[in-house]
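Visitor: The following comprises the amino acid sequence and a computationally predicted model.
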Amino acid sequence: MSALTARDAFGKLLLPETFLLFVGTIEPRKNLGLLFEAFQLLSESLRRQFPLVVAGKPGWHTGPIYAKALPLVTEGTILFTGLVSEEDLTRLYKAATVFVYPSLDEGFGLPPLEAMSHGTAVIVSDAPVLVEVSGPGALVVSRFDASELAGALNLLLSDDARRSELSAKGYAHAAKYSWERTAKATIAAYRRILTR
């Protein structure tokens, strides 16, 4: 299945006014099936008000992932952008209403930190490295429970004050990360993986 792209005739990325955002390679480890399931648990009116934008290149074993998204793509509430430029990525982070990252496992988990640095409210899974990197700057949910993720989405999409509070916490948390600190944390994460 080819991904539905959100681009105009000139290749410019078209963004909905309000939307949820995922950024990453399309592969099983990113747990997109659970994200699509949680998204489908939202009311149709909420899905239409806040469509899900999935930005990233296809990785491995994408067939079942795209198949799970198909009903929502047909509904017009999921948009796949494919790989985006750095400029478009910045636009996506800044414009997103909520950034969602339900990954099963990560080496470091840079996208949630990038989203926080742009002042976007973030939801991450309880994968240990994501909890560590995101600190108090993200809402943490089970990486195995679609209804818990749907509840977190409902909360942030319906409560502007809670979303703003989380955005501010995330922005402050991300500001503590310099590129040097990020590089050290990434090296430490790889060392943990190699010693397993």
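Guide: Now that the structure is in, tell me what you want to look at. What you see is a predicted model, and the numbers here were worked out from it, not measured in a lab.

Visitor: I'd say residue 115 and residue 123 touch.
Guide: No: counting by Cβ atoms under 8 Å, residue 115 stays clear of residue 123, with 9.8 Å between them. The C-beta positions use only the backbone N, C-alpha and C, and glycine is treated the same way.

Visitor: more neighbours, those two?
Guide: Between residue 115 and residue 123, counted using other Cβ atoms under 10 Å, residue 115 has the larger neighbour count: 32 against 25.

Visitor: show me the contacts for that one.
Guide: Residues near residue 115 by Cβ atoms under 8 Å, 6 or more residues apart in numbering: 21, 23, 93, 96, 99, 101, 122, 170.

Visitor: Show me those that map onto strands.
Guide: Among those, the ones falling in strands (DSSP state E) are 21, 23, 99, 101, 122.

Visitor: is it true that residue 52 touches residue 80?
Guide: No: between residue 52 and residue 80 there is no contact, the gap being 9.5 Å when judged by Cβ under 8 Å.

Visitor: Neighbour count: those two, which is higher?
Guide: residue 52 (27 against 21).

Visitor: Against residue 136, how distant is the more buried one?
Guide: Distance from residue 52 to residue 136, counting by Cβ to Cβ, to the nearest Å: 25 Å.

Visitor: Equivalent analysis for residue 157, please.
Guide: Taking Cβ to Cβ, one finds residue 157 at 21 Å from residue 136.

Visitor: between the two, which one's more packed in?
Guide: Each of residue 157 and residue 136 has its neighbours counted (other Cβ under 10 Å); residue 157 has more, 19 against 10.
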